[in-house]
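Enquirer: What follows is a predicted structure for the sequence shown.
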Amino acid sequence: MAQYSRVSGTVGLITLLNPPVNALSAAVRQGIVDMMDKALSDRKVKSVVICGHNGKFCGGADIREFSSPLTGPLLIPVIQGVESAAKPVVAAIEGVALGGGLELALGCHYRIAHSKARLGLPEVHLGLLPGAGGSQRLPRLIGVPAALDIITTGRHVTAAEALKLGLVDRVTDRNTVDEAVKFALSVADQSPQSRRISTFPCPHHPDLDAVFEGVMQRVRQRARGALAPVACVQAVAAATLPFAQGMERERELMATLFTSGQARAQQYHFFAQRAVGRWSMPSGARWDKTKPVAVHKAMVIGLGTMGRGISVALVQAGVSVVAMETNEKQLMDAKQAISSMLERGAKRRGVAPALDKIRYSSDMQPAADVDLVIEAVFEDMALKKKVFQQLSALCKPGTFLCSNTSGLDVDQLASETRTPELVVGMHFFAPAHVMKLLEVVYGSRSSPQAVATAMELGKQMGKVSVAVGNCRGFVGNRMLKPYLEQAFFLLEEGATPEFVDQVLEEFGFAMGVFRMSDLSGLDVGWRVRKADGLPDGHSARIRQGCRYSPLGDLLCEQGRFGQKTGRGWYQYDKPGGQVAKPDPWLQDFLEKFRTQHGLVARRIDHQEVLERCLYALMNEGFRILEDGIAAGPEDIDVIYVLGYSWPPHRGGPMFYAAMVGLKKVLERLEHYHQEHPDIPSLKPCNLLRKLVVSGSPPVQKWREFLQKPQSQL
Ligand SMILES: CC/C=C/CC(=O)SCCNC(=O)CCNC(=O)[C@H](O)C(C)(C)COP(=O)(O)OP(=O)(O)OC[C@H]1O[C@@H](n2cnc3c(N)ncnc32)[C@H](O)[C@@H]1OP(=O)(O)O
């Protein structure tokens with residue numbers, strides 16, 4: 001809803017009231033209409049200010065309303081009503097003006113922003129476009145190139161940048177509403193006629209065609225099959241037409257997006273990202289019953305790529321860091337690298353680099369005086385155990401001990417310490433100061449407070465933290481295993497790396513499985529498999545009664561580790577080269593392999609590649625839910641979108657399973673498992689069967705079918 005009062009004698013003040021972000025629900029839209037009527041009909045009122053309750057202008061349309069038929073007045077006429085008002089209307093922007101919120105502000109005749117406010121049109125992240133005139137008014141106000149940038153990236157613009165772009169008229173450090181009221185008084189006698197953005201012509205640009213072509217090309221490349229970014233460009237292109245025609249085009253494009261599965265997927269992802277913050281553990285411990293401990297000082301042990309990124313993320317979150325590395329040369333290199341990462345980051349954010357927040361050490365002693373340690377040494381259990389033993393002896397009581405591991409047993413590490421309840425895994429993703437995902441792994445003895453502290457620290461670092469149980473590979477890497485396996489089996493059966501990658505990239509992954517494997521290095525998994533007892537030079541295709549593909553191992557034995565050696569599943573022009581080219585050697589190698597094992601290459605189609613890779617991955621997701629390793633499908637989906645480049649417009653693997661239809665997924669898995677009975681990951685899991693028998697409920701209802709946590713609190 002919206003509140004109305006008259007202030008300073010002649011200013012009508014309309015306050016949007018819908019906590020926490022004053023989203024434009026039906027009641028708020030109706031409130032704006034009613035309060036505008038009140039202000040315009042009050043003869044004493046000469047000008048109007050629109051602001052948001054509690055220091056937030058408006059977070060946009062109420063996304064929760066998108067899943068049911070719209071009621072109340074539509075936003076487009078509401079904004080038109082504001083713009084066509086005969087009295088000047090000023091938007092007082094505090095906190096955020098996003099999506100429909102910024103569109104409303106664009107309908108006002110003036111915009112005053114607080115210096116800390118953020119403005120943007122992030123609809124593209126919800127699978128939409130700014131459909132309440134934003135795609136038409138923004139380019140008219142700030143020009144096509146700047147509008148295209150803001151609309152297609154969905155990024156938030158600071159008040160300072162908004163002022164530079166001409167998006168706001170004034171920026172203030174003072175009380176924004178008071179300033180807006182003063183401003184409204186000063187323009188009370190002026191006609192708003194010349195301030196109506198819908199009447200502006202689109203600013204001239206010498207080569208608009210080239211601008212649109214360039215952006216469209218970039219957007220298509222980045223979009224990976226997403227419809228919204230492309231529609232955003234098309235909508236802005238329509239801003240060069242007369243306003244009414246542009247609005248009609250915006251409406252048509254929006255209608256297509258609004259009903260698309262992609263918009264549903266991206267809106268699901270928006271809420272899923274927020275839902276994972278409400279974590280729970282099988283013990284019944286929960287986010288709302290556990291207080292995190294504030295971390296002021298942390299230590300990072302091991303300054304390889306991960307340790308450096310983690311140190312930067314901590315410093316940028318305002319935590320004092322001791323960065324430790326025993327190798328002096330590595331320590332010096334790390335210091336230089338971390339300083340330049342901090343400097344670059346600070347420059348991007350327009351702040352001073354917090355170089356004084358970090359100090360360096362070549363020994364473990366400073367661990368005695370920190371609140372939390374993140375161990376980020378090489379992924380080797382023996383080495384990590386040694387570090388945890390040392391930490392246990394050194395740290396003061398209450399210090400949280402975290403391991404940045406991508407899949408090792410957190411319980412084993414905890415058992416090396418005197419305080420297993422303070423041990424959790426913190427699985428960061430590379431580059432750790434950039435990637436948004438953090439898996440927080442609780443062991444069987446981790447205390448709820450340790451989990452809450454790691455989750456909160458992740459949030460402070462700007463990450464989306466997901467609490468997961470302890471098992472080999474946790475959630476993300478555990479699901480990756482059957483996916484990779486299927487890709488290898490497909491090569492054995494007749495596919496090529498190029499074809500498998502092409503199918504997965506067409507689906508929307510940034511990189512197919514083989515290009516990704518070349519980038520991250522084939523040797524990483526090989527070393528882990530060898531540590532698990534993989535015999536050298538052995539190419540058997542059946543291990544412990546199950547199908548096993550030795551292809552990756554055989555490539556590693558040839559020194560083909562991927563990009564870094566210039567050869568892997570593809571060839572590169574030099575070690576470290578990035579352009580993957582098909583390698584005739586690999587074709588020859590695959591043919592010889594098939595002959596050696598009596599395999600006859602068959603024609604494998606697009607559908608089989610997708611189904612075998614993706615359904616095997618989803619099936620593992622159902623097992624993870626069944627095992628209680630993830631609390632709900634949202635957790636898995638957030639991990640896959642943010643950490644494994646699953647296309648956001650497909651929601652995540654569990655959401656996608658629901659979109660495809662659980663019955664179909666089950667049938668196809670049954671079919672493939674019949675064809676390949678020696679591949680256990682293709683055997684449909686019980687939870688999937690249970691859901692199908694229960695009529696394939698929507699993904700939001702799956703938690704009801706999972707085992708309830710046992711409350712021990
Ligand atoms: C035809 C009309 C078309 C219009 C197009 C639109 O306007 S689409 C909406 C565009 N707006 C956005 O995309 C903004 C989405 N929100 C955010 O980015 C952030 O929430 C925020 C506004 C920057 C605030 O961030 P903060 O970290 O402070 O809080 P949370 O993200 O945790 O949000 C708090 C709760 O508010 C819910 N929420 C936020 N925005 C909306 C919204 N637009 N509609 C409905 N609900 C919203 C959010 O879900 C949180 O609640 P939970 O219960 O925790 O989920």
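Expert: Structure received. Residues are numbered from 1 along each chain as shown.
Enquirer: So what pairs up with the residue lying closest to Val45 once chain neighbours are set aside in the strands?
Expert: Of all residues not flanking Val45 in the chain, Gly12 sits nearest, at 4.2 Å (C-beta to C-beta, 6 or more residues apart in numbering). (C-beta placed from N, C-alpha, C; glycine too.) Note on Gly12: beta-bridge partners by DSSP bridges are Arg6, Val48.
Enquirer: number of nearby residues for the residue of the stretch 251-400 of the chain found nearest the ligand?
Expert: Residue nearest to the ligand within the stretch 251-400 of the chain: Arg274 (3.7 Å; C-beta to the nearest ligand atom). Per other C-beta atoms under 10 Å, the neighbour tally for Arg274 reads 11.
Enquirer: Please compute how far the strand or helix carrying it lies from its chain's middle.
Expert: Per DSSP states H and E: Arg274 is located in helix 261-275. Helix 261-275 sits 11 Å away from the centroid of its parent chain (C-alpha atoms, centre = their mean, to the nearest Å).
Enquirer: Stretch 457-465 too?
Expert: For stretch 457-465, the distance to the chain centre is 12 Å (C-alpha atoms, centre = their mean).
Enquirer: Please apply the same query to stretch 250-264.
Expert: 21 Å.
Enquirer: List the contacts of Ala487.
Expert: Counting by C-beta atoms under 8 Å, 6 or more residues apart in numbering, Ala487 touches Val500, Val513, Phe514, Cys613.
Enquirer: and the third one, how far is that from Asp34?
Expert: Same thing as Phe514. Applying C-beta to C-beta, to the nearest Å, the value for Phe514 to Asp34 is 60 Å.
Enquirer: between the two, which one's more packed in?
Expert: Taking neighbours as other C-beta under 10 Å, Phe514 and Asp34 compare with Phe514 leading, 26 against 15.
Enquirer: Could I get the CA-only coordinates of the helix holding Arg274 as PDB?
Expert: Output of helix 261-275 as PDB, limited to C-alpha atoms (Å, rounded to 0.1, in the frame of the first residue of the first chain):
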ATOM      1  CA  GLY A 261       9.700 -21.500 -19.000                       C
ATOM      2  CA  GLN A 262      12.900 -19.500 -18.800                       C
ATOM      3  CA  ALA A 263      11.400 -16.700 -16.800                       C
ATOM      4  CA  ARG A 264       9.900 -19.300 -14.400                       C
ATOM      5  CA  ALA A 265      13.300 -20.900 -14.100                       C
ATOM      6  CA  GLN A 266      15.100 -17.600 -13.300                       C
ATOM      7  CA  GLN A 267      12.500 -16.500 -10.900                       C
ATOM      8  CA  TYR A 268      12.700 -19.800  -9.100                       C
ATOM      9  CA  HIS A 269      16.500 -19.300  -9.000                       C
ATOM     10  CA  PHE A 270      16.000 -15.800  -7.400                       C
ATOM     11  CA  PHE A 271      14.000 -17.300  -4.500                       C
ATOM     12  CA  ALA A 272      16.200 -20.400  -4.300                       C
ATOM     13  CA  GLN A 273      19.200 -18.200  -3.700                       C
ATOM     14  CA  ARG A 274      17.400 -16.700  -0.800                       C
ATOM     15  CA  ALA A 275      16.000 -20.000   0.500                       C
END
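Enquirer: packing partners for it?
Expert: With contacts defined as 3 or more C-beta pairs under 8 Å, 6 or more residues apart in numbering; DSSP states H and E, helix 261-275 has these neighbours: helix 228-237, helix 633-643, helix 653-660.
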